[in-house]
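Chemist: could you work out the structure for the sequence below:
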Amino acid sequence: MTWFLCALLAIGAYFSVINWPCIYWSRRDKKHHSPIPFLGAWFLGMGLAGFPSTRPFWWICVLIDYGTFSLILAIPWLLSEFWKTSSINRMHRFYSQEEGRETTIDLFRRGHALIRMKFSPTFKTKLAREPRPLSLGSPCLWHMSDSVYELDGFGYSSERVLRIRPFEGQYICEDTLPSTTNIWYEKLSDVRMVKR
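Modeler: Predicted coordinates:
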């Protein structure tokens, strides 16, 4: 049984050790490198809890494993991100379905918005062998100017602005995304939407 507990400790230590360089890599590359949560902590905790002398200290595995520790520290942020786009905070929802594309735009309190598109198998691409997108989603910010909803800061262009204005009992979109872009399927100009 001792060899089994030692193996658990060794596996847990291995996964915990390989998580810590993620901090260095993230700072060096200036992009996020994800550690593996729970795995190292679980093996370490099981190994520590198996020995009577280390059983009172089993909880230290959460501090030793950076993947688990960083996830626990991120829980408040994750909850706030979830709350920003929860249905309780939704103020407006716009919907359209045309030419194999279903678009939903949700506007939330405090200026947060979420644009989602789903593409059906009948969606036509410009070129015969061009890959067909399945779905996409993009968070952004919104504000109201006169009776127009303006969304900005989404997609692949920081200068892109989407305006949703009333038009003949529905709403119509104006999109500043150039038609020459390679993400043409994302363009929402002249799309008519209903408010739900």
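
Chemist: avg pLDDT for stretch 162-177?
Modeler: For stretch 162-177, mean pLDDT is 89.

Chemist: just the CA atoms of the helix or strand containing Tyr171, as CSV, please.
Modeler: Element membership for Tyr171, per DSSP states H and E: strand 170-175. Provided in CSV are the C-alpha atoms of strand 170-175 (Å, rounded to 0.1, in the frame of the first residue of the first chain):
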residue,chain,number,x,y,z
GLN,A,170,-38.7,45.7,-37.1
TYR,A,171,-35.0,46.5,-36.8
ILE,A,172,-32.3,46.8,-39.4
CYS,A,173,-28.5,46.4,-39.0
GLU,A,174,-25.8,48.6,-40.3
ASP,A,175,-22.3,47.0,-40.1
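
Chemist: what pairs with that strand, and is each one parallel or antiparallel?
Modeler: If you go by DSSP bridges, strand 170-175 pairs up with strand 161-167 (antiparallel), strand 192-195 (antiparallel).

Chemist: how does this protein divide into domains?
Modeler: Domain ranges of the chain: 2-84, 87-195, per automatic domain parsing.

Chemist: can you give me the end-to-end span of the first one?
Modeler: Across domain 2-84, the straight-line distance between its terminal residues is 49 Å, by C-alpha to C-alpha, to the nearest Å.

Chemist: re the thing from before, mean pLDDT for the domains of the chain: which is lowest?
Modeler: domain 87-195 (a mean of 86).

Chemist: just give me how far it sits from the chain centre.
Modeler: 17 Å (C-alpha atoms, centre = their mean, to the nearest Å).

Chemist: ok, now stretch 30-47?
Modeler: Worked out by C-alpha atoms, centre = their mean, stretch 30-47 lies 20 Å from the chain centre.

Chemist: check stretch 1-14 too.
Modeler: Mean C-alpha position of stretch 1-14 versus that of the full chain (C-alpha atoms, centre = their mean) differs by 35 Å.

Chemist: likewise stretch 84-101?
Modeler: 16 Å.

Chemist: show me what counts as buried in that stretch.
Modeler: Lys84, Arg90, His92, Phe94, Ser96, Arg101 (16 or more other C-beta atoms under 10 Å). Heads up, the C-betas are built off the backbone N, CA and C, glycines and all.

Chemist: so where do the helices sit in the protein?
Modeler: 2-19, 21-29, 39-50, 61-64, 66-84 (DSSP state H).
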